[in-house]
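Visitor: here is a sequence with its predicted model. Questions after.
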Amino acid sequence: MARKKIGLYKPDTNFSYNHQLVVELGNDELVCLVKNEETGEIDGFELFSLDKSSQDDWNDIFYEIKSGSTIFNNTFKQVFCYFNVEESLLIPEKLLTATSAEDYLNLIFGESIRHEVKYEKLLATKVFINAYRVRKSIIELLNRQFIIFQTGHTYSNLLNDVMRRPRIDDYFLKIQFYSHHFIIAVWKEERFQLIQSYRYHSAEDILYFVLRITQQFDFDPAYVVLELSGMVDVESNTYTQLAKVFANIHLDAIEPDGIFKSAMDEYPAHYFTPFYKLAL
């Protein structure tokens, strides 16, 4: 079942050929952003919650999205599809061969004939290739929906954003929150160490995973910098628990732009940051 949780639209705007569509698809959410090529602003935003049971089929999910979306069925000049899936590995470019990426993914996540392997070079560094896999059924549905589209992975977008910065703190954790999982990326002495997704059910789950990573890399919580964005409320138990342990917490909040200006009374600025940065 797909349920639209947020729909933001610029008044009297026809989504047309001078707009770009950015889609992020994960296990629990699908997001659509419409970027106006002339102004550079976001003219439309939708977030669907995917309450997918074992009996649900991706065809049914896509049908419900298309039925409930104001954005999805328009024709766009460019379409970018980002996959927010955990079956991803960063492989040093020198170790990548025609078959090695699939072998590595099979070794870590298990063999699968239902997935398609994709590759992506990180623009901010020439060292790593992001190899990931996506269900073939989803690729087929997207091919039927869009004539041409470019693909990417959410991890790559996050890493490029941080690695382009002039400086990274010595002990730095970047965390992006979603409804049922979060992505965490780790840097130690300005060197990238880890990026991974974790599913959670409670604030205690989140605190456990973050503390385990802190201990794994021998970080002192007093000196770690946490940068948070996405679906986390500063009044929530999650934020309160993290603030008890970590002294340096920053919110990666965007300057309200386009349609997001109208949502600032209801949502904090950092809520939309992970999605907004997909369209930059």
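Guide: All right, it came through fine.

Visitor: please report how far residue 83 lies from residue 186.
Guide: Per C-beta to C-beta, to the nearest Å, residue 83 is found 21 Å from residue 186. The way it works is simple: take the backbone N, C-alpha and C, and place the C-beta from them, glycine included.

Visitor: and if you look at residue 116?
Guide: Distance from residue 116 to residue 186, by C-beta to C-beta: 28 Å.

Visitor: got it, and residue 71?
Guide: 35 Å.

Visitor: what does residue 39 give?
Guide: 36 Å.

Visitor: the two: which is more packed in?
Guide: Taking other C-beta atoms under 10 Å, residue 39 and residue 186 do not tie; residue 186 has more neighbours (21 against 12).

Visitor: for residue 224, see how far away that one is.
Guide: As for residue 186, its distance to residue 224 is 10 Å (criterion: C-beta to C-beta).

Visitor: pull up the overlap in contacts between the two.
Guide: Residues touching both residue 186 and residue 224 (C-beta atoms under 8 Å, 6 or more residues apart in numbering) are 172, 173.

Visitor: contacts for the host helix or strand of residue 103?
Guide: Assigned by DSSP states H and E, residue 103 falls within helix 100-109. Residues outside helix 100-109 that contact it (C-beta under 8 Å, 6+ apart): 87, 89, 91, 112, 117, 119, 129, 131, 132, 133.

Visitor: can you confirm the last one is in a strand?
Guide: Yes. Residue state for residue 133 (DSSP: H, G, I helix; E, B strand; the rest coil) corresponds to a strand.

Visitor: contact partners for it?
Guide: The contact partners of residue 133, taken as C-beta under 8 Å, 6+ apart, are 85, 87, 102, 105, 109, 112, 115, 116, 117, 118.

Visitor: just the buried residues of these.
Guide: Buried members of the contacts of residue 133, counted by 16 or more other C-beta atoms under 10 Å: 85, 87, 102, 105, 115, 116, 117, 118.

Visitor: if I look at the fourth one, what pLDDT would I see?
Guide: Predicted confidence (pLDDT) for residue 105: 94.

Visitor: next step: the contacts of helix 100-109 restricted to helices.
Guide: Under the assignment DSSP state H, these contribute nothing to helices.

Visitor: just the buried ones among the contacts of residue 133 now: which is nearest residue 272?
Guide: residue 85 (20.8 Å; C-beta to C-beta).

Visitor: surely that closest one and residue 27 touch.
Guide: Yes. Counting by C-beta atoms under 8 Å, residue 85 touches residue 27, with 7.0 Å between them.
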